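Peer 1: Fold the following, please.
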Amino acid sequence: MKRAQRLALIGALVLVPCVLMAHSADAYRIYWTAGKGAHLRSGPCTSSESIAMLPEGTNVKILCQTRGETVPDRQRKSDVWDSIMTDDGRGGWVSDLYVNTPNIGRFSPPIPVCEGYDESVCP
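Peer 2: Purely as a prediction, here's the structure:
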């Protein structure tokens, strides 16, 4: 194998894991809040109890996504909510509008859809 081919192969082997890590469930964070942060809630609606305020830039792991209350903000809106866990172990729901997932207003594969969640808990 020529030197250039070996270097290209090594580069690909290094790059592929980096790309996959960038899209893992651990790679998301709170954003688009104009510095205000986002509410971590007990359910996927704004009437659910606010458990904590997550500052912009907080790293989150998305466990799954579901439909809930539509949240509008400036030019965008979303009825998708993310069940998340923070690095310090807090869990709850955040509107997907404030998490840097690839899709706004729809599910973002490969993030799983929450199974067995009763969407009627939010008015």
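Peer 1: Residue ranges in the chain under the pLDDT threshold?
Peer 2: In the predicted model, the chain carries pLDDT under 70 at residues 1-26, 119-121, 123.
Peer 1: Could you export stretch 64-71 as CSV, CA atoms only?
Peer 2: Extracted as CSV, the C-alpha positions of stretch 64-71 are listed here (Å, rounded to 0.1, in the frame of the first residue of the first chain):
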residue,chain,number,x,y,z
CYS,A,64,-36.0,9.9,24.3
GLN,A,65,-38.4,12.3,22.6
THR,A,66,-42.2,12.7,22.7
ARG,A,67,-44.9,15.1,21.6
GLY,A,68,-46.2,17.6,24.2
GLU,A,69,-47.3,21.2,24.4
THR,A,70,-46.2,23.4,21.4
VAL,A,71,-43.7,26.0,22.5
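Peer 1: can you give me how far that stretch is from the chain middle?
Peer 2: Remark: stretch 64-71 is offset 12 Å from the chain centroid, using Cα atoms, centre = their mean, to the nearest Å.
Peer 1: what does that stretch rub up against?
Peer 2: For stretch 64-71, contacts defined as Cβ atoms under 8 Å, 6 or more residues apart in numbering pick out 43-47, 77-83, 93, 95-97, 107-108, 111-115, 117, 119, 122. Placement of C-beta: from N, CA and C, glycine included.
Peer 1: Check which residues of it are buried.
Peer 2: Neighbour-count burial for stretch 64-71, counted by 16 or more other Cβ atoms under 10 Å, picks out Cys64, Gln65, Thr66, Arg67, Gly68, Glu69, Val71.
Peer 1: Not counting residues beside it along the chain, what's closest to the fifth one?
Peer 2: Setting aside the residues directly before and after it, Gly68 is nearest to Pro44 in space (Cβ to Cβ, 6 or more residues apart in numbering), at 2.8 Å.
Peer 1: OK, contacts around that neighbour?
Peer 2: Thr66, Arg67, Gly68, Glu69, Trp81, Trp93, Ser95, Tyr117, Glu119, Cys122.
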